[in-house]
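J.: 3D model of this:
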Amino acid sequence: MAERTQVDLDSFVAHEYPKVVAAVGLITGNRQDAADAVQDAIVGFLAKPPAREITNVAAWITVVASNRARDLQRSRGAESRAYAKVGTDDESYDSALAGLDIDVLRALEDLPRQQKEVCVLHYLLDQSVQQVAEGLGVSEGTIKTQLHRARKALAARLRKEDHHG
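T.: Purely as a prediction, here's the structure:
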């Protein structure tokens, strides 16, 4: 088990790390804390591997890191949150988001956190409904419902922007 976890983690760092940092940044609205939170989640994963076998390392780390980043933001208070949103100019972060339209990114920011998480995992990280459900520890039905609601909200927001743009 421990050996398999190591292999999964190596593969994660090699292939999915920049996308997961971008995903956490999208979910939390905070690019600067995203990388730190993902690194903390990886360290936590190694130091104290989860009790259940994690079949989807990217989803697990995305969720854990998003929670950590959110806790960091909360502990800092509102003033610094405004500064943090300005973000940094990290090329790997930008390239991970390169396929996403700026209007889509803006619309995503307005979604409730759970819908945002599900969308980012499913669309940005190319995870199946089953993988997202496993990663978040909920049913596939819940994921399908969240995706459906998120798509409706995104479509409404993007239609509205089309009329104003």
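
J.: Check the chain for its longest helix and report it.
T.: helix 140-164 (DSSP state H).

J.: That one: how far from the chain's middle?
T.: 17 Å (C-alpha atoms, centre = their mean, to the nearest Å).

J.: Check which helices and strands it is in contact with.
T.: helix 102-109, helix 113-119, helix 129-136 (3 or more C-beta pairs under 8 Å, 6 or more residues apart in numbering; DSSP states H and E). C-beta coordinates here come from the backbone N, C-alpha and C atoms, glycine included.

J.: can you pull the pLDDT of residue 129?
T.: Looking at residue 129, its pLDDT is 92.

J.: wait, what's in contact with it?
T.: 122, 140, 143, 144, 147 (C-beta atoms under 8 Å, 6 or more residues apart in numbering).

J.: Neighbours of the last one, how many?
T.: When you say that, I think you mean residue 147. As a burial measure, residue 147 scores 18 neighbours (other C-beta atoms under 10 Å).

J.: How about the third one?
T.: The number of residues packed near residue 143 is 25, by other C-beta under 10 Å.

J.: could we number from 625 for the rest of this?
T.: Let's use 625 as the start, then, which means that last one is residue 767.

J.: So it sits against residue 742, correct?
T.: Yes. Using C-beta atoms under 8 Å, residue 767 is in contact with residue 742, at 5.7 Å.

J.: what touches both of those two?
T.: Overlap of the contact sets of residue 767 and residue 742 (by C-beta under 8 Å, 6+ apart) consists of 756, 760.
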